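Student: here is a sequence with its predicted model. Questions after.
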There are 2 protein chains.
Amino acid sequence: MSSDDSHDRPRQPARRGFLKAGGAAVAASATLGATLAQSPAQAAEAKHRPAAADPYTAVEPFYAPHQGGIVTPQQAHTYVAAFDLTTTSRDDVIKLLRQWTESAARMTQGQSAEALEGVSEDKPAPDSGDVLGLGPAGLTVTFGFGPGLFMSEGKDRYGLASKRPAALVDLPRFNGDQLLPEKTGGDLYVQACANDAQVAFHAVRQLARQGYGTLRMRWGQAGFLSGPRGQTPRNLMGFKDGTNNPPTADAAAMKEFVWATAADAPWMQGGTYTVVRRIRITLEHWDQMEVGFQEQVFGRRKYSGAPIGKDKEFDTVDLDAQDKDGNPQIPDNSHVRLSNRASNDGAQILRRSYSYNDSTNFYIERWPPWRQETEYDAGLIFVAHQADPRKGFIPINEKLAKFDMMNQFTTHVGSAIFACPPGAKPGSYIGAELFEA
Amino acid sequence: MSSDDSHDRPRQPARRGFLKAGGAAVAASATLGATLAQSPAQAAEAKHRPAAADPYTAVEPFYAPHQGGIVTPQQAHTYVAAFDLTTTSRDDVIKLLRQWTESAARMTQGQSAEALEGVSEDKPAPDSGDVLGLGPAGLTVTFGFGPGLFMSEGKDRYGLASKRPAALVDLPRFNGDQLLPEKTGGDLYVQACANDAQVAFHAVRQLARQGYGTLRMRWGQAGFLSGPRGQTPRNLMGFKDGTNNPPTADAAAMKEFVWATAADAPWMQGGTYTVVRRIRITLEHWDQMEVGFQEQVFGRRKYSGAPIGKDKEFDTVDLDAQDKDGNPQIPDNSHVRLSNRASNDGAQILRRSYSYNDSTNFYIERWPPWRQETEYDAGLIFVAHQADPRKGFIPINEKLAKFDMMNQFTTHVGSAIFACPPGAKPGSYIGAELFEA
């Protein structure tokens, strides 16, 4: 390439200048107070500000006491991925986490495009360039550590075995699990959420490239939520999903149910434990069911989202209510009863799930006339954050896996668990407390 | 279910009343003049109005001289699907097309939720309910007929063989094609486009259900575009895609390149021929390339989108320009040169493609140490509309398939061609001109 082509570099002087000037100039980016140099208190405050009206200019803080993407109001898109480490060097892992931290911080603040400035045409671009001009779009990047970071095939590759939190258990096999190895597990977790599908995917794609030679991707999955913010979104079964979540604005509830304590792993103070499940839903089968039966399965009304017997979505679930024949209004094997905290010794988890909709699967019928059939590969990327999976997802799902009427329409094909450490401090990196304590 | 639960029916009095009142009440829905009873002239006018500011309230006309989703400004999401007819009855096909027409008209006008009103709890819901409250979201539904409708395994199932347009050719095998049967072909085509992913998928899902016993799904695929409307979106390779499209506002260009003529099939007057290709892109490989090389492949600059040697995206592509050594500035085997109309006897097609990003694929390396690897199943759902594929996609792709430098990063794994008839007349149905002439 001749050098007179150098004018074709991305030009974002407005944004770049703006970031350097500290955020006073651009009215639309009211959330941008959370810059790289902010204090933790400022960051915590910024996290609860309303989103910018333009979904592309919204900015979420990165350096903060907690990682983003946990109690952050849920963005419309996600790309989640897990990686297996291939290196045996502890330094390689730290180096990677440093680079990931810096890149994620930059991308969440809308600076990914700047990485292209001054790039040589003779080298691979450090950035794939597919989100040029899109803005930060509310991006959060959440990192997590799987069991394999601490012990893999009997080997303590990085000298971390003694620091594995007791809460980072290997998930038990649940009734009905049909897990595929290529959709399950992983040493490292990256969850990118944004108001735009390409912005979310872009973040994972850049981070994955940086790990070349250190790790390989194990699985990746795009997900989405539909509908205007502020409403409980409907999943692909047509029901509102997330109504009974503990409120993220309630700091006491978050402390009780979401944030890990230092009890068995001081480095996890302010982190959370995240369970991811890829749950395929047989939509073709579900769509053949009567609405009344679908409502019995959920324990809620389909259209209003109200618990059966109640009027409104947020009416309290009354598990004792009986119909005129003395039967429970909310069936014993309904999803809402089995997953309710009253049925689980008060356990609660913070669900932050997304729908997924990959292209169709093709299969041959298992009986004559052996016809080919096509089915949707669609369902739910279930994501749940919690203070301790032994008191959260595991007991709840043990019960659901055995009794939930919904199971005849769902298949768990992927599963993973991660310890997501606290947020990084400016100048430091994600997981520093684990590696340097 | 006890009858006192009947209060839980969807209530959308505002929208329902609004639709009945003809659209005067809600300022945000300026495009809603195009209702079911509009005249073709009104509909054509409505099609070119600017989109509503709220992407969920935008409404596209359905009954119109041309089907929507062809020259309609491209919505952000699509779900495309193809179906194989299993019935041998011509009447079944007509009945299905009537039902599809009525349902598509209703859904595009935002009335899908109304189909749930008064539904019995003892019957399957006529609508899956997952888009309740979302609004029409600019939905268009485009129908097409594949070669199998006219002749399938040597059988003229519906007495239509003599009406097959000469332009509805079977696509030749192109150099490098790696087509999968389960991603290829189909007797009927449904392309739903909307400003929301769930609204697009919802439309196909309802129509697929209505065909139970008459057809089965062959393949389905979700796609998306990122970025604010009005900019040329970037594909996953990071380049702007669609810059050189003929302008949809130019009626003469559309007449020349997009709309079918009555020459060999009078019933196709006002329709178009649509080619769909599922093109996987090896993003991992692409991302290792130097930016300068990527630009040689496209023949355009990555950041500005300008032709090599020019400054701005919409600068004219000058295929004769030479660099200082006398070599062509735009390489001989670059994508922009090979696909340019000047290289193809003036042929042009209207591309309306989407990116796709399914979950990762897993494979075993073909050589020792036979490691497992994971790769993105991502790329482009290429969609092109044209007056005649024999003068459009086929000659252009014959050339691209042989010479395009881009081929080392792309694999065509799915392919289909359809005749998309003109728009339906109110009271009639899609394809009536074919079945009733």
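Tutor: Arrived safely.

Student: I figured residue A:152 hits residue A:187, correct?
Tutor: Yes: distance between residue A:152 and residue A:187: 7.1 Å, which falls inside the contact criterion (C-beta atoms under 8 Å). Every C-beta, even on glycine, is put in place using the N, C-alpha and C of the backbone.

Student: who has more neighbours, these two?
Tutor: Taking other C-beta atoms under 10 Å in any protein chain shown, residue A:152 and residue A:187 do not tie; residue A:187 has more neighbours (23 against 17).

Student: let me know how buried residue A:312 is, in neighbour terms.
Tutor: Considering only other C-beta under 10 Å, residue A:312 is surrounded by 10 other residues.

Student: counting neighbours, what do you get for the residue nearest to residue A:159 when sequence neighbours are not counted?
Tutor: The shortest distance from residue A:159 to any residue other than its chain neighbours is 6.1 Å, reached at residue A:90 (C-beta to C-beta, 6 or more residues apart in numbering or on different chains). For residue A:90, the count of nearby residues is 13 (other C-beta under 10 Å).

Student: return the residues in contact with residue A:90.
Tutor: Shown in contact with residue A:90 (C-beta atoms under 8 Å, 6 or more residues apart in numbering or on different chains): A:157-159, A:435.

Student: roughly how far does it sit from residue A:436?
Tutor: Noted for residue A:90: a distance of 11 Å to residue A:436, by C-beta to C-beta, to the nearest Å.

Student: strands of the stretch 251-400 of chain A, start to end?
Tutor: Remark: strands of the stretch 251-400 of chain A, listed N- to C-terminal, are A:272-281, A:350-351, A:354-364, A:372-386; assignment by DSSP state E, counting those that start in this stretch.

Student: ranking those by mean neighbour count, which comes first?
Tutor: With neighbours taken as mean count of other C-beta atoms under 10 Å in any protein chain shown, the strands of the stretch 251-400 of chain A reach their highest mean count in strand A:272-281, at a mean of 24.

Student: tilt between that one and strand A:354-364?
Tutor: Strand A:272-281 and strand A:354-364 meet at an angle of 40 degrees, taking axes from the mean of the first three to the mean of the last three C-alpha atoms, to 10 degrees as the criterion.

Student: direction included, what does strand A:272-281 pair up with?
Tutor: Listed by DSSP bridges, the sheet partners of strand A:272-281 and their directions read strand A:372-386 (antiparallel), strand A:410-420 (antiparallel).

Student: mutual contacts of residue A:152 and residue A:187, please.
Tutor: Listed as contacting both residue A:152 and residue A:187 by C-beta under 8 Å, 6+ apart are residue A:85.

Student: now, the contacts of residue A:90 that are in helices?
Tutor: With helices identified by DSSP state H, the entries of the contacts of residue A:90 that belong to them are residue A:435.

Student: wait, isn't residue A:418 in contact with residue A:144?
Tutor: Yes: contact between residue A:418 and residue A:144 holds when scored by C-beta under 8 Å: they sit 2.9 Å apart.

Student: between those two, which contacts overlap?
Tutor: Counting by C-beta under 8 Å, 6+ apart, the contacts common to residue A:418 and residue A:144 are A:189, A:274.

Student: low-scoring stretches of chain A, by residue?
Tutor: By pLDDT under 70, the weakly predicted segments of chain A are A:1-52, A:112-121, A:228-229.

Student: quick one, domains of it?
Tutor: When chain A is parsed into structural domains using automatic domain parsing, the resulting residue ranges are A:13-249+A:422-436, A:283-416.

Student: up against chain B, what does the stretch 51-200 of chain A have?
Tutor: Taking C-beta under 8 Å from any C-beta of the partner chain as the measure of proximity, the stretch 51-200 of chain A contacts chain B at A:56, A:79, A:81, A:116, A:119-125, A:128-134, A:182-183, A:196-199.
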